[in-house]
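Undergrad: The sequence and its predicted three-dimensional model are supplied below.
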Amino acid sequence: MSLNLRFSSLNLQNFAAPPLASYEFDNIYSQAQWQQKTNWLRRTISAAAPDVLLLQEVFSVSELKQLLLELGYSHFAAAAEPLLVDGHFYLQPVVAIASRYPLKQHRLPEPDTALLKALGLHHFQFSRTPLAATVYLPGIGACDFYGVHLKSRRALTAVLEQGGSDMLARFAACAQRGYEAALLMELVQRQQLLRGHPVVLAGDFNDKLQSDFLQPLTLPGAVLQLKDSWDLWPDAPQARPATHYYGAKGSVLDYLLLSADFDALQAHSLARVSEVNITDQHLLRPDYQLDAYSSDHAMVTVTIQLRH
């Protein structure tokens, strides 16, 4: 009997427990709304039943950890601490990982100062700290997971404050996302050369993977060749479901990228992608009583089947 493993990624959208707010002073859930949101999350995770779960837009870290523990995820880590302003509202959400199997969190090295200087990035920071953790999976062993939430298209406030136009501020946001993708891959590749583990890089990319700004993530000929799990699924339908909607316009923003260890066409691969599921009913056919405080993103779940 073949062993299957599931990996999921989900942007939780403003996961901040009352009485604390997210982003704005008055953006606070009531207790009833928070209960509705956490109930939706419990149902969604239980239905998908992932073994490893990457989560974005987390503010209330301890509440999330407890919720996941109750669902059987006894291993948990967050990339950083969210920024709490005036003891009342959060800025800068964080990325987290939960696993049914043991994990060990490790920090990505900081980008080399001389390299940043050569790129003209004297004060570069990731908009959200990437998460790095090794999960010890049955049938695979140590596997390195990287959770990301790349810069959104929202205009950079710092550019606007210096008198820059909205056009320039929006381009700067895209450029920031591109540098985040490129520097992240630079660091992940260095880690992979040292560690030699299979790699899963997942999260909310805030752009389509084919964007010029995200090219570094899947660049052919790179030291570490990552592929979109959807492209590794032999039975993938021609029409790919969106994972986020802006009005009626859908976009694929959420991805799980896999190293060659999960590519069935590679002779020495450990596993193959047998299915990709997009949990999007709350976006396409929402039931207000259940979905009103869910998420504005779909959950993406990849099932991998280990080789005999």
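TA: Nice, thanks for sending it over.

Undergrad: Lys95 and Ile278, how far apart?
TA: Careful, residue 95 is Val; it's not Lys. 20 Å (C-beta to C-beta, to the nearest Å). C-beta here means a position set from N, CA and C on the backbone, and glycine is covered the same way.

Undergrad: Those two - which one has more neighbours?
TA: Val95 (28 against 18; other C-beta atoms under 10 Å).

Undergrad: quick one, what contacts Asp291?
TA: 40, 281-282 (C-beta atoms under 8 Å, 6 or more residues apart in numbering).

Undergrad: per-residue confidence at it?
TA: Asp291 carries a pLDDT value of 95.

Undergrad: Count the neighbours of Gln66 for me.
TA: Residues near Gln66, counting by other C-beta under 10 Å, number 11.

Undergrad: That one: what secondary structure?
TA: Assigned state for Gln66: helix (three-state reduction, DSSP: H, G, I helix; E, B strand; the rest coil).

Undergrad: try Thr303
TA: Of the three states, Thr303 takes strand under three-state DSSP.

Undergrad: If you count contacts, what does the worst-scoring helix or strand of the chain on mean pLDDT end up packed against?
TA: None of the helices or strands of the chain scores lower by mean pLDDT, DSSP states H and E than helix 157-161, at a mean of 88. Counting contacts by 3 or more C-beta pairs under 8 Å, 6 or more residues apart in numbering; DSSP states H and E, helix 157-161 is packed against helix 166-195.

Undergrad: Now the helix it packs on: buried residues?
TA: Judged by neighbour count using 16 or more other C-beta atoms under 10 Å, the buried positions of helix 166-195 are 169-174, 176-189, 191-192.

Undergrad: chain center to that helix: distance?
TA: Put simply, helix 166-195 sits 14 Å off its chain's centre (C-alpha atoms, centre = their mean, to the nearest Å).

Undergrad: Looks to me like Cys143 is in a strand.
TA: Yes. Remark: Cys143 belongs to a strand, assigned using three-state DSSP.

Undergrad: show me what contacts it?
TA: 134-137, 197-200.

Undergrad: Could you check how many residues crowd around the closest residue to it other than its chain neighbours?
TA: Nearest residue to Cys143, sequence neighbours excluded (C-beta to C-beta, 6 or more residues apart in numbering): Pro198, at 4.7 Å. Residues near Pro198, counting by other C-beta under 10 Å, number 21.

Undergrad: The one 4 residues further on now?
TA: Using other C-beta under 10 Å, Ala202 has 29 neighbouring residues.

Undergrad: check contacts around Ala292.
TA: Taking C-beta under 8 Å, 6+ apart, one finds 33, 36, 286 in contact with Ala292.

Undergrad: Please name the residues that touch the nearest residue to Trp34 once chain neighbours are set aside.
TA: Excluding the flanking residues, the one nearest Trp34 by C-beta to C-beta, 6+ apart is Pro18, at 5.4 Å. By C-beta under 8 Å, 6+ apart, the contact list for Pro18 reads 28-31, 34.

Undergrad: for this protein, which residue is closest to the average position?
TA: Gly203 (1.7 Å; C-alpha atoms, centre = their mean).

Undergrad: number of nearby residues for the residue lying closest to that one once chain neighbours are set aside?
TA: Distance criterion C-beta to C-beta, 6+ apart; nearest residue to Gly203, sequence neighbours excluded, is Val148 at 3.9 Å. Applying other C-beta under 10 Å, we find 27 residues neighbouring Val148.

Undergrad: do the same with Asp261
TA: 17.

Undergrad: Counting neighbours, which of the contacts of Asp291 comes out on top?
TA: Result: His282 is most packed of the contacts of Asp291 (other C-beta under 10 Å), 21 neighbours.

Undergrad: how about Tyr146, phi and psi?
TA: phi -120, psi 120 (degrees, to the nearest 10).
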